[in-house]
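Engineer: here is my input; please provide its structure:
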Amino acid sequence: MTITLIADALVGCLLVATIITCFVLSKRIERLKADESAMRQTIGALISATDTAERAIAGLKLTLGDCDRTLGERLRTAERYAADLAQQIEAGQGVMERIGQIVSAASMVAPKPEPVAEKPALSRMASAADAAAAIRARAARRLEGQAA
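Structural biologist: Okay, here's the model as predicted:
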């Protein structure tokens, strides 16, 4: 009888230990389930934030491509304008040199004014030389204004 009583007491102690262990495990499982729902919410928020970020990155890539194309077109246009402007400046300088040569030649040929009566051909040449000098001066001022 004592052996059965000791065995029954031992089984009772083991049952109490099992009940306590089950109670502790039940509480831990409840906490894990609460943490699981919080983790599910956190993971859902992270997934939606990731999707939003991926869409934003795709939009930024498209915008960057558009900006790159637009900038490339503007650079090519600016280079064409610069080349055209350089050609026009060279042509203008050539015209100014020719006008200068004409003015120099006309001033060498133009006689000194006679007080009484001038010959019509010489007065026209002097007028043309004066006009050419004025045009040259105006062109030089314009070129200086464009260069600035």
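
Engineer: now residue 66: which helix or strand?
Structural biologist: Under the criterion DSSP states H and E, the helix or strand holding residue 66 is helix 2-109.

Engineer: which helices and strands sit right next to that helix?
Structural biologist: Applying 3 or more CB pairs under 8 Å, 6 or more residues apart in numbering; DSSP states H and E, one finds that helix 2-109 contacts helix 120-147. (Each C-beta comes from the backbone N, C-alpha and C, glycine too.)

Engineer: lowest-confidence helix or strand of this structure?
Structural biologist: helix 120-147 (a mean of 75; mean pLDDT, DSSP states H and E).

Engineer: next, the buried residues of stretch 43-60.
Structural biologist: Neighbour counts over stretch 43-60 (16 or more other CB atoms under 10 Å) mark no residue as buried.

Engineer: kindly export that stretch (C-alpha atoms) in CSV.
Structural biologist: What follows is stretch 43-60, C-alpha atoms only, in CSV (Å, rounded to 0.1, in the frame of the first residue of the first chain):
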residue,chain,number,x,y,z
ILE,A,43,4.9,42.4,-43.0
GLY,A,44,1.8,43.7,-44.9
ALA,A,45,2.9,47.3,-44.3
LEU,A,46,6.4,46.5,-45.5
ILE,A,47,5.1,44.8,-48.6
SER,A,48,2.9,47.8,-49.5
ALA,A,49,5.8,50.2,-48.8
THR,A,50,8.0,48.1,-51.1
ASP,A,51,5.4,48.1,-53.8
THR,A,52,5.0,51.9,-53.5
ALA,A,53,8.8,52.3,-53.6
GLU,A,54,9.1,50.1,-56.7
ARG,A,55,6.5,52.1,-58.5
ALA,A,56,8.2,55.4,-57.5
ILE,A,57,11.6,54.1,-58.7
ALA,A,58,10.0,53.0,-62.1
GLY,A,59,8.5,56.5,-62.4
LEU,A,60,11.8,58.1,-61.6
